[in-house]
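Visitor: Below are the sequence and a predicted model; questions follow.
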Amino acid sequence: LHKSLMEYLAAEKIWGEIKYLEEKTNKGRKYAIETSTKALSHLFPIVASKIFHQEEEKVDDYLLELIRADGSNNHELSERLVLFLPGLLKLSFIDISQSNSLEISLLHQGSNTFFNYWNVMEAVRESCGEASRQLNLPQVYYDFAHSFRTYTAFQPSKLLLKGWRFKRLYLSGSQFKSSELENIKFTDSALEGVNMYSSNLVDVNFYRAQMNASNFTSVNAFRINFDFATLGFCSFRFSNITEVSFHESYLGNTSFDAANLSNVNFNYANLIGATFHKTNISDGDFSYAELDGVDLSRANMKGISLKGASLKNAYLRAINLNDVLADESKFINSYLREGKLKSASLKKVDFEGADLSKVDFKDAKLEGANFKGANLYLANFQSADLYRAKGLTVLQLMEVDSLRGVIGLDPDIEESIRKRKGYLFS
């Protein structure tokens, strides 16, 4: 037989054995398999020998096709698979009575059985619309976490995880590489050092989760909640992230290099030491975020909000912040040389000690801004509003490129400059 046909027949055999879990006795009153122990005994010989979705196999694809083909007919089977789950977790998915017949270790047997059963269960739930209904089964949390940590550390494998409510779960160090997570809650959970590389995340809630040193490289994330989460030293490099919230989360020294962050909320987040090299952060909300020491020089910041943000000692050379809203933000000792801030709203911004040489402030609103000790060499203030701006001196303004149409400049300073360099106003 051709290998692909053999794989299809294998998938058909597996699906038939799984569907037997919903079969009833001749009298039709009781199920043929009533307990988790009997369910494990029935399934173990066909699910323990190998993981269905290994790259060289097509069994998983065929099995998913068969599950989806039954679709709405899978409601009863979905309930049975979830019903057996707590007992199977207690048994660690290992049938000791049959384990000696397989030429692989107990860990291999348990790992294969766990991943195969779990992914079939999730596929069945999804096929009949049950995945959209969140499951809250506190009795399985500890055992799931134990099995998952043990088996992913031993044999990393992709996982389907949809519609589960986990709370205060300990999954630190777990492997979710290339997994599918949808409509999941991990609130207050410990997930430090987890590997989410190349996973797809949709509607996942990591509220207040501990996730330091975790790997989100190349993930696709949509509508994710990281509010108040701890995400220091993480990697989101090369990721596609849309409509994600990091409100008041800790992201110190986290890398977003080469990522696409569309409409992301970072307000009040701590991003000190984070990197955004060649990152798209357009339309992002960074209001009141801590961005001290951050390098944003090559990031796309079109349409972002920096209101009240702290960017002390930040590297922002040639940054394009035209039309940005950055009122009350702090750029103390930052490097903004050749930056573009045309028509920006910069009211009460603190530029103390900043390098603003060759910055374009044309039409910018700079009411109450502080320029104490700032370098304004060849800066353009054409038509800018400097009403009640602080820290400006004659010596500073004598070095600018243009003051044409400027408004709100201190009358005494303006008179002194006009006497010496009147052409700056023309």
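Guide: Thanks, I have it.
Visitor: Which pLDDT value goes with residue 21?
Guide: You'll see residue 21 listed with a pLDDT of 93.
Visitor: buried set for the helix or strand where residue 7 lies?
Guide: Using DSSP states H and E, residue 7 maps to helix 3-19. Buried residues in helix 3-19, counted by 16 or more other CB atoms under 10 Å: 7-8, 10-11, 14-15, 18-19. Where you see a C-beta, it was placed from the backbone N, CA and C, and this is true even at glycine.
Visitor: Could you pull up phi and psi at residue 163?
Guide: phi 80, psi 30 (degrees, to the nearest 10).
Visitor: From residue 128, how far out is it?
Guide: Applying CB to CB, to the nearest Å, the value for residue 163 to residue 128 is 12 Å.
Visitor: which strand in this protein runs the most residues?
Guide: For the chain, the strand with the greatest residue count under DSSP state E is strand 180-187.
Visitor: The helix or strand following that one vs strand 180-187, what angle?
Guide: Note on strand 180-187: by DSSP H and E, the next helix or strand toward the C-terminus is strand 200-205. Counting by axes from the mean of the first three to the mean of the last three CA atoms, to 10 degrees, strand 200-205 points 20 degrees away from the direction of strand 180-187.
Visitor: now for strand 200-205, which elements pack on it?
Guide: strand 180-187, strand 220-222 (3 or more CB pairs under 8 Å, 6 or more residues apart in numbering; DSSP states H and E).
Visitor: Which residues belonging to the last one are considered buried?
Guide: Counting neighbours by 16+ other CB under 10 Å, one finds that the buried residues in strand 220-222 are 221-222.
Visitor: Against which helices or strands is the very next helix or strand once past it packed?
Guide: For strand 220-222, the following helix or strand on the C-terminal side (DSSP H and E) is strand 240-242. If you count contacts as 3+ CB pairs under 8 Å, 6+ apart, strand 240-242 packs onto strand 220-222, strand 260-262.
Visitor: export these to CSV and tack on mean pLDDT?
Guide: Formatted as CSV, the helices and strands packed on strand 240-242 follow (pLDDT from 0 to 100):
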stretch, mean pLDDT
strand 220-222, 97
strand 260-262, 93
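Visitor: low-scoring stretches of the protein, by residue?
Guide: 1-3, 28, 53-58, 131-139 (pLDDT under 70).
Visitor: in it, which spans are helices?
Guide: Assigned by DSSP state H, the chain shows helices spanning 3-19, 36-47, 59-70, 75-90, 96-99, 106-127, 138-154, 394-397, 411-421.
Visitor: Could you list every helix and strand that the third one packs against?
Guide: To tie it back to what came earlier, the one meant is helix 59-70. helix 3-19, helix 106-127.
Visitor: repeat for the longest one
Guide: Identification of packing neighbours for helix 106-127 by 3+ CB pairs under 8 Å, 6+ apart yields helix 36-47, helix 59-70, helix 75-90, helix 138-154, strand 160-162.
Visitor: 10 Å - rerun?
Guide: Here helix 106-127 touches helix 3-19, helix 36-47, helix 59-70, helix 75-90, helix 96-99, helix 138-154, strand 160-162, strand 180-187, going by 3 or more CB pairs under 10 Å, 6 or more residues apart in numbering; DSSP states H and E.
Visitor: In contact with the most centrally placed residue in the chain, which residues?
Guide: In the chain, the centroid-proximal residue (CA atoms, centre = their mean) is residue 221; its distance is 5.7 Å. Contacts for residue 221 were tallied using CB atoms under 10 Å, 6 or more residues apart in numbering; they are 181, 196, 199-202, 204, 236, 239-244, 259, 261, 264.
Visitor: who's it bridged to?
Guide: Per DSSP bridges, the residues bridged to residue 221 are residue 201, residue 241.
Visitor: Could you give the number of residues near residue 347?
Guide: Applying other CB atoms under 10 Å, we find 20 residues neighbouring residue 347.
Visitor: How about it, nearest residue that isn't a chain neighbour?
Guide: Nearest residue to residue 347, sequence neighbours excluded (CB to CB, 6 or more residues apart in numbering): residue 327, at 4.4 Å.
Visitor: show me the contacts for the one you found.
Guide: Contacts of residue 327 (CB under 10 Å, 6+ apart): 287, 305-309, 344-349, 365, 367-369.
Visitor: Which of the residues you listed ranks first by neighbour count?
Guide: residue 349 (31 neighbours).
Visitor: And that one, its phi and psi?
Guide: Main-chain dihedrals, residue 349, degrees, to the nearest 10: phi -80, psi 140.
Visitor: Quick one: residues contacting residue 215.
Guide: By CB under 10 Å, 6+ apart, the contact list for residue 215 reads 175-177, 193-199, 234-237.
Visitor: count of residues packed around the residue nearest to it when sequence neighbours are not counted?
Guide: Nearest residue to residue 215 in three dimensions, chain neighbours excluded: residue 195, at 4.7 Å (CB to CB, 6+ apart). Residues lying near residue 195 (other CB under 10 Å) number 19.
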